[in-house]
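J.: Below is the sequence, then the predicted model.
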Amino acid sequence: MIEAEQLSWSYGRAPVLDAVSLAAPHGRVLGLVGPNGSGKTTLLRLLHGALTSPTGTVTVDGDELRALAPREAARRLAVVVQEAGGESALTVAEMVLLGRGPHLSTFRRTRPEDHAIAARALATVGATHLAGRSFAGLSGGERQRVLIARALTQQATHLLLDEPTNHLDIRYQHEVLGLVAELAHDLHTTTVVVLHDLNLAARYCDDVVLLGGGGVVASGAVEDVLAPEVLEPVYGIGVERVEAGGRLHLLFHPRPREDLRA
Amino acid sequence: MLDTATAPRSSEGEDAVDPLGLDAGRRRATAWTLGLLAALVATVVAGVGVGAVPVPAGTVARVVGHHLLGWPGEPTWSAPVDAIVWQVRLPRVLLGALVGAGLAVCGVALQAMVRNVLADPYLLGVNSGASSGAAAAILFGVGAGFAEHALQVMAFLGALAASLLVFLVARSAGRVTSVRLLLAGVAVGYALYALTSFLIFASGSAEGARSVMFWLLGSLALAQWDTPLAVVAVVVLGTVALLTLWGRRLDTLAIGDETAHTLGVRPERFRLQALVVVALCVGVVVAASGSIGFVGLVVPHLARRAVGGRHVRVVVVAALMGAVLLVWADVLARTLFAPQELPIGIITSLVGAPFLLVLIRRLHATTA
């Protein structure tokens, strides 16, 4: 459970987020969506402490994040960031094993049980065959899966992901988010995921926070937030919602809203 | 928490002894470490033996054994040979090994910290600061209170002042970013280079200018069994131990600040700690030997090529490689034009520059 209250952030004089509050409960996938520059990634960074809001608080299972030691925080929150690491000289196995770092003291080497945990994580994301490869030599999609495996190796109770489907083929976009949703529902992992594809959010998130204009425009269950009348003013594009196969789909019409309503 | 559900559907790899295929890398690292240790021992013996008066390896071993262990008890060699081996060459070879190791591991740490494969230990302006200090000591007798160690003490103080200046310029709101550090190092380096040149100009002494120049190019000729050698040994070995312990943290920092943060490392604080350690180590090394180029730039690449990217391995292997390479460079420096001694920096630059050119070509090929 992550609870954030009254978070703000500005880059220089330009405010990005102002007094944003949200709650991410156990066992559900919370999507952060919004147009470019609406502060999705900034909000995620505030939630895992890479940035510290000058106002408000973030609590993780009731403990204030700021008060947690860095390694303790990393045992509770696993994060998949967008930072590439494409120049790294590590192999995939070594990259994934770094996820055990928060569990090991400075003097401790990784043990066989750590290797087993990392191997299971690689198997989960379907990347066992990559273990011996150089991380820098992987394709974007392969890297993304390896970074998710590293996050799983942290065995944290909270999983935060920043655009995890970037660089991925459609099939892997669905595989990765399917996996994320499965982990949340089966293991009650608290999951927060930044997505810019609203249809992926519609399919895999339970709740959605829609950001725009420096704050939360709407938040709640997917069906309530991903509605044309909510989305159109934020994105400035015509939105049509259809239901097919028992699921919600969004179609976008690049026309002025007036035309659409007419 | 997650491991129950992340169990693989098939039993493949689950009960394997080495599910990640890590054994090959481990064996490789062990082989390199043991091989380099053997090479270092051989290098020290050979380095002591080679010179105007050649001393056979067996004699070198006996002289060292006699002094260290009291065995063999009765010298079967002449007093001059004893003096050459024990008083002249061994401290010099040991200093060379320590300087090489120190420069190499500091290069490894800095390349990880600023995530730039072209970073080297002199990035912090340490060598230019040391040069100014040394020039002040040589040309104007500054620091005469430190008697025979005035040169080393002044060089070290200069190095310390320079790295402090670089910190202060690079630091803002408690953070040191890679780019700012690189630029601050370059700027401070140029300023102090100008200061050194001005000191040479102002002294008007051709002889003094020549000694400063010789010092700038690096030399191990000052080595003897004295306090500076002990200080270099303690600082370099301590730095190697510390950086090895920090291996995992360096791994995360080399990927990126945000990654380090998500894996439980405070990137800004850790970078500051590591910078202080590196500045001290390079300062001590430069004060003892002058500025010897390219070792700290080239060896980290050789080490990563040999054992991969994990810093716990890279640091150890780089230390051994740096030690071996620098002792051989010094052997060349004192034998090539004997009895004239060549500044060792000329040798390392002659060997290092082509390597750097190859590296630059490669960088271009991968990013273009």
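T.: The structure has been received and is ready for your questions.
J.: Would you point out which residue of chain A is nearest chain B?
T.: A:Ala89 (2.9 Å; C-beta to the nearest C-beta). Just so you know, the C-beta spots here come from the backbone N, C-alpha and C atoms, and that holds for glycine as well.
J.: So that residue belongs to a strand, correct?
T.: No - if the criterion is DSSP: H, G, I helix; E, B strand; the rest coil, then A:Ala89 is coil and not within a strand.
J.: so where does the spatially closest residue to it that is not a sequence neighbour fall, helix or strand?
T.: Excluding its sequence neighbours, the residue lying closest to A:Ala89 (C-beta to C-beta, 6 or more residues apart in numbering or on different chains) is B:Gly309, at 2.9 Å. Remark: B:Gly309 resides in no helix or strand, with elements defined by DSSP states H and E.
J.: How about B:Gly100?
T.: Going by DSSP H and E, B:Gly100 is part of helix B:90-114.
J.: That helix packs against which elements?
T.: Here helix B:90-114 touches helix B:23-49, helix B:178-203, helix B:227-245, helix B:247-255, helix B:267-289, helix B:295-307, helix B:311-335, going by 3 or more C-beta pairs under 8 Å, 6 or more residues apart in numbering or on different chains; DSSP states H and E.
J.: Could you tell me the end-to-end distance of stretch B:337-344?
T.: The straight-line separation of the ends of stretch B:337-344 (C-alpha to C-alpha, to the nearest Å) is 12 Å.
J.: sorry, that was for stretch A:105-118
T.: Start-to-end, stretch A:105-118 (C-alpha to C-alpha) is 18 Å.
J.: Can you convert the helices and strands packed on helix B:90-114 into CSV and add a column each for mean neighbour count and mean pLDDT?
T.: Formatted as CSV, these follow (neighbours: other C-beta atoms under 10 Å in any protein chain shown; pLDDT from 0 to 100):
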stretch, mean neighbour count, mean pLDDT
helix B:23-49, 16, 95
helix B:178-203, 17, 88
helix B:227-245, 18, 95
helix B:247-255, 24, 95
helix B:267-289, 23, 90
helix B:295-307, 24, 93
helix B:311-335, 26, 96
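J.: can you confirm A:Gly126 is in a strand?
T.: No - under three-state DSSP, A:Gly126 sits outside any strand and is assigned coil.
J.: Around it, how many other residues sit close by?
T.: 16 (other C-beta atoms under 10 Å in any protein chain shown).
J.: got a list of what it touches?
T.: Listed by C-beta atoms under 8 Å, 6 or more residues apart in numbering or on different chains, the contact partners of A:Gly126 are A:145, A:175.
J.: from chain B, which residue is nearest to chain A?
T.: For chain B, C-beta to the nearest C-beta, closest residue to chain A: B:Gly309, 2.9 Å.
J.: pretty sure the residue of chain A closest to chain B is touching B:Ala306, no?
T.: No - between A:Ala89 and B:Ala306 there is no contact, the gap being 11.1 Å when judged by C-beta atoms under 8 Å.
J.: What's the local residue count around the residue of chain A closest to chain B?
T.: By other C-beta under 10 Å, neighbour count at A:Ala89 equals 21.
J.: distance of it from A:Trp9?
T.: Applying C-beta to C-beta, to the nearest Å, the value for A:Ala89 to A:Trp9 is 34 Å.
J.: ditto for A:Gly37
T.: When A:Gly37 is compared with A:Trp9 (using C-beta to C-beta), they lie 13 Å apart.
J.: If you count surrounding residues, which of these two has more?
T.: A:Trp9 (20 against 13).
J.: Enumerate every residue touching A:Thr106.
T.: So, once contact is read as C-beta under 8 Å, 6+ apart, A:Thr106 ends up touching B:245-246, B:248.
J.: next one: phi and psi at the residue nearest to A:Ala89?
T.: phi -100, psi -10 (degrees, to the nearest 10).
J.: what sits against it?
T.: With C-beta under 8 Å, 6+ apart, B:Gly309 has these contacts: A:88-91, A:94, B:251, B:254.
J.: Residues of the stretch 201-350 of chain B that sit close to chain A?
T.: Proximity of the stretch 201-350 of chain B to chain A, by C-beta under 8 Å from any C-beta of the partner chain, involves residues B:245-246, B:248, B:251-252, B:254-256, B:258-259, B:261-266, B:304, B:308-310.
J.: Could you find the closest non-adjacent residue to A:Leu130?
T.: Nearest to A:Leu130 is A:Val92, by C-beta to C-beta, 6+ apart, at 4.7 Å.
J.: list the contacts for the one you found?
T.: A:122, A:127, A:130-135, A:138, A:146 are the contacts of A:Val92 under C-beta under 8 Å, 6+ apart.
J.: One more pass at 6 Å, please.
T.: A:130-131, A:133, A:135, A:146 (C-beta atoms under 6 Å, 6 or more residues apart in numbering or on different chains).
J.: For the stretch 101-250 of chain A, which segments are assigned as strands?
T.: Secondary structure of the stretch 101-250 of chain A, counting by DSSP state E, counting those that start in this stretch: strands at A:158-162, A:190-194, A:207-212, A:215-221, A:238-244, A:247-253.
J.: winner for burial among those strands?
T.: Stretch with highest mean neighbour count among the strands of the stretch 101-250 of chain A: strand A:190-194 (a mean of 26; mean count of other C-beta atoms under 10 Å in any protein chain shown).
J.: Which secondary structure state does A:Ser21 sit in?
T.: strand.
J.: Angles on the backbone of the closest residue to it other than its chain neighbours, please.
T.: The shortest distance from A:Ser21 to any non-neighbouring residue, by C-beta to C-beta, 6+ apart, is to A:Glu5 (4.8 Å). The phi/psi pair for A:Glu5 (degrees, to the nearest 10) reads phi -130, psi 130.
J.: Against A:Leu47, how distant is A:Glu5?
T.: 12 Å.
J.: which of these two has more neighbours?
T.: For A:Glu5 versus A:Leu47, the count of surrounding residues by other C-beta under 10 Å is larger for A:Leu47: 26 against 15.
J.: check contacts around the more buried one.
T.: By C-beta under 6 Å, 6+ apart, the neighbours of A:Leu47 are A:Val58.
J.: how much space between A:Arg171 and B:Arg62?
T.: A:Arg171 is 71 Å from B:Arg62, by C-beta to C-beta.
J.: okay, the two: which has more neighbours?
T.: Neighbour comparison, A:Arg171 and B:Arg62: the larger count goes to B:Arg62, with 18 against 9 (by other C-beta under 10 Å).
J.: tell me which element the closest residue in space to that one that isn't next to it in sequence is part of?
T.: Counting by C-beta to C-beta, 6+ apart, B:Pro72 is the residue found nearest to B:Arg62 once chain neighbours are left out, at 5.8 Å. Here B:Pro72 sits in a region with no helix or strand, counting by DSSP H and E.
J.: near chain B, which residues of the stretch 101-250 of chain A?
T.: A:101-102, A:106, A:115, A:117-121, A:123-124, A:131-132, A:152, A:155, A:157, A:186-187 (C-beta under 6 Å from any C-beta of the partner chain).
J.: Take the residues you listed and keep only those in helices.
T.: Counting by DSSP state H, the part of those found in helices is A:115, A:117-121, A:123-124, A:152, A:186-187.
J.: For those, which ChimeraX command selects only the ones that are buried?
T.: Here is the ChimeraX selection string for the buried members of those, based on 16 or more other C-beta atoms under 10 Å in any protein chain shown:
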select /A:115,117,118,119,120,121,123,124,152,187
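J.: From the ones in helices among the residues of the stretch 101-250 of chain A next to chain B, pick the one nearest A:Val176.
T.: A:Thr124 (10.8 Å; C-beta to C-beta).
J.: do you know how far the residue of chain B closest to chain A is from B:Leu302?
T.: On the measure of C-beta to C-beta, B:Gly309 and B:Leu302 end up 14 Å apart.
J.: roughly how far is the helix holding B:Gly100 from the heart of the chain?
T.: 2 Å (C-alpha atoms, centre = their mean, to the nearest Å).
J.: by contact count, what packs against the helix or strand just after it?
T.: Proceeding N to C from helix B:90-114, the next assigned helix or strand is helix B:126-140, under DSSP H and E. When contacts are defined as 3 or more C-beta pairs under 6 Å, 6 or more residues apart in numbering or on different chains; DSSP states H and E, helix B:126-140 sits against helix B:150-170, helix B:178-203, helix B:206-216, helix B:267-289.
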